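Colleague: Build me a structure from this.
(one chain, ligands or ions: 1)
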Amino acid sequence: MAGDRTLPFFSLSRLPGLQLRQSWVPSLRPTVKSCLPRQRLVFLKTHKSGSSSVLNLLHRYGDQRGLRFALPAHYQFGYPKLFQASKVKGYHPQSSDTKKPFHILCHHMRFNLKEVLQVMPSDSFFFSIVRDPAALARSAFSYYKSTSSAFRKAPSLAAFLSSPRAFYRPGDRGNYYARNLLWFDFGLPSPPETKVSPHLPRDPNPLQLHIVPSSGAGPGTLFQPMTTAANRHEQPASFGSSDFGPSTFIQWALAWLDSVFDLVMVAEYFDESLVLLADALCWSLDDVVGFMHNAQAGSEQRLSTVKQSMVKGEEQQLTARARAWNNLDWALYTHFNRSLWARIQQYGQHRLQRAVAELRARRDALAKRCLMGGKALDPKYITDKKLRPFQFGSAKVLGYVLQNGLSQKDREECERLATPELQYKDKLDAKQFPPTVSLPLKTSRLLPHWITN
Ligand SMILES: Nc1ncnc2c1ncn2[C@@H]1O[C@H](COP(=O)(O)OS(=O)(=O)O)[C@@H](OP(=O)(O)O)[C@H]1O
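Modeller: Alright, predicted model coming up:
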């Protein structure tokens, strides 16, 4: 695979199964650093899945090392439209991987591999995070209550999930938040009730598949994978199958994601995921330790629904309905949950447990040192604008207040850990694009031409 890194553009370097398998081999000797820290990263920031907590560690890592972020003009890359390279601030087309100037691409987007690879080298580390669709639905319902027309009409999440079609119409305003949000964020199309043209473009993104109305070709001609490098390798058996239907489509989409993403974290196993992330990137535990961001007040009970053993009947029903309604996300979630645990097995369960315990101890120590009350607080206590999270949705978004009397060094470190994503993005933006001093006209006229040109 090393050779692949030198190949131009996207087509040859991210092949199903190959790069993935190699980058998934965990390091064997944790104490000896024989690897080089990876610093070209693409993080697909999925919605309502713990992604802001990951963003904070990426912001800090890049900030402290002077890495260049591919930043949106505002806070997202034209979402819900598919990502376009032209939305990156300071982007200029570069054909060669080595000339691509950015290290980290990590703000909200709808994933679009072809365009991402216009901005980021093809050997970047691609990762993302998923969350149990039941927990995600609870979070999204509260956050996007007024944004999604389906949620807006529904009196409660329970009412919505008991008869979602009474409230939900696919193309209506903001309704990507109301169903299969992860699938949408990964840039995947809906599976065929519709059918797929056999003639497909040279494009690695399944969104570019030509989906034709179901009155079109017969079932045997529904689908062929795109004419990319993938064609130079064995196609998975299911591709040629004559009974191609939604489940085959889902399997194909998951296989495609496996070929693109080096790691998909799972919010319910956040710390386990962080340990694997540090290992895969050759980063230290200190690089990945951080605080939880963007939690909504009252959500503690909602977290880790898959781990709760004693959920009430109603909650169980709601969970089951949310997973069924978000069937594509459930397929994604179970797939990546399985991959995570396979990877944990490879890493070693005991070794992982020790690392997770170490990570938590470091987080606890940081919380004690940095945070008033040692935990996230109601925004009414957060008067410092730099630290107050953006308030949106029907619940309060929690944030942090720093301890008094910190040394300057501690204060800087604690502030980095506690800074919400929007403020941190603004800070990085100001650093990468320092405001140009605009001199009064009279003065600038007096300046020599080599300064003004
Ligand atoms: N470490 C960790 N583990 C598990 N869950 C976590 C974690 N960090 C954040 N969260 C929960 O994720 C929700 C916010 O997700 P995002 O940051 O992705 O939201 S956003 O799309 O950027 O607005 C939000 O969920 P709700 O509180 O249920 O709304 C957070 O509580």
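Colleague: Report the secondary structure state of Phe126.
Modeller: Secondary structure state of Phe126, per DSSP: H, G, I helix; E, B strand; the rest coil, is strand.
Colleague: Based on its surroundings, how many neighbours for it?
Modeller: Residues near Phe126, counting by other CB atoms under 10 Å, number 27. Heads up, the C-betas are built off the backbone N, CA and C, glycines and all.
Colleague: Tell me the spacing between it and Cys106.
Modeller: From Phe126 across to Cys106, the span is 11 Å (CB to CB, to the nearest Å).
Colleague: One more: Thr147?
Modeller: 22 Å.
Colleague: Quickly list what's touching both of Phe126 and Cys106.
Modeller: Residues touching both Phe126 and Cys106 comprise Val42, with contact defined as CB atoms under 8 Å, 6 or more residues apart in numbering.
Colleague: related to what we said a few turns ago, more neighbours, Thr147 and Cys106?
Modeller: Using other CB under 10 Å, the more surrounded residue of Thr147 and Cys106 is Cys106, with 24 against 16.
Colleague: okay but that one is in contact with Lys45, surely?
Modeller: Yes: with contact defined as CB atoms under 8 Å, Cys106 counts as touching Lys45 (6.0 Å).
Colleague: Give me the common contacts of the two.
Modeller: Residues touching both Cys106 and Lys45 (CB under 8 Å, 6+ apart) are 54-55.
Colleague: Could you pull up phi and psi at Ser259?
Modeller: Phi and psi for Ser259, reported as degrees, to the nearest 10, are phi -80, psi -20.
Colleague: And the helices in the stretch 201-350 of the chain?
Modeller: Per DSSP state H, counting those that start in this stretch, the stretch 201-350 of the chain carries helices over the ranges 246-260, 270-281, 285-288, 313-325, 327-347, 349-370.
Colleague: Report the distance from the second one to the chain centre.
Modeller: Relative to the chain's own centre, helix 270-281 is displaced by 14 Å; criterion: CA atoms, centre = their mean, to the nearest Å.
Colleague: just the fifth one next, same as before
Modeller: Between the centre of helix 327-347 and the centre of its host chain there is 15 Å, according to CA atoms, centre = their mean.
Colleague: Now do that helix, average pLDDT.
Modeller: The predicted model assigns helix 327-347 a mean pLDDT of 98.
Colleague: Check the gap between Arg40 and Glu115 for me.
Modeller: Noted for Arg40: a distance of 16 Å to Glu115, by CB to CB.
Colleague: tell me the mean pLDDT for stretch 175-186?
Modeller: Averaging pLDDT along stretch 175-186 yields 98.
Colleague: And it, end to end?
Modeller: 16 Å (CA to CA, to the nearest Å).
Colleague: Just want to know which of Arg40 and Glu115 has more residues nearby.
Modeller: The neighbour comparison of Arg40 against Glu115 (other CB under 10 Å) goes to Glu115, with 21 against 18.
Colleague: Does the more buried one touch Gly78 like I think?
Modeller: No: between Glu115 and Gly78 there is no contact under CB under 8 Å: 10.3 Å.
Colleague: Now for those two: what residues contact both?
Modeller: Residues touching both Glu115 and Gly78 by CB under 8 Å, 6+ apart: Gln84.
Colleague: Up against the ligand, what does this protein have?
Modeller: 47-53, 139, 267, 270, 292-296, 299, 302-303 (CB under 6 Å from any ligand atom).
Colleague: burial count for Val54?
Modeller: Neighbours of Val54 under the rule other CB under 10 Å: 27.
Colleague: I'd assumed Lys45 was in contact with it.
Modeller: Yes: counting by CB under 8 Å, Val54 does reach Lys45; the two are 7.5 Å apart.
Colleague: Show me where the protein dips below the pLDDT cut-off.
Modeller: Counting by pLDDT under 70, the ranges of the chain that qualify are 1-33, 193-244, 300-311, 438-453.
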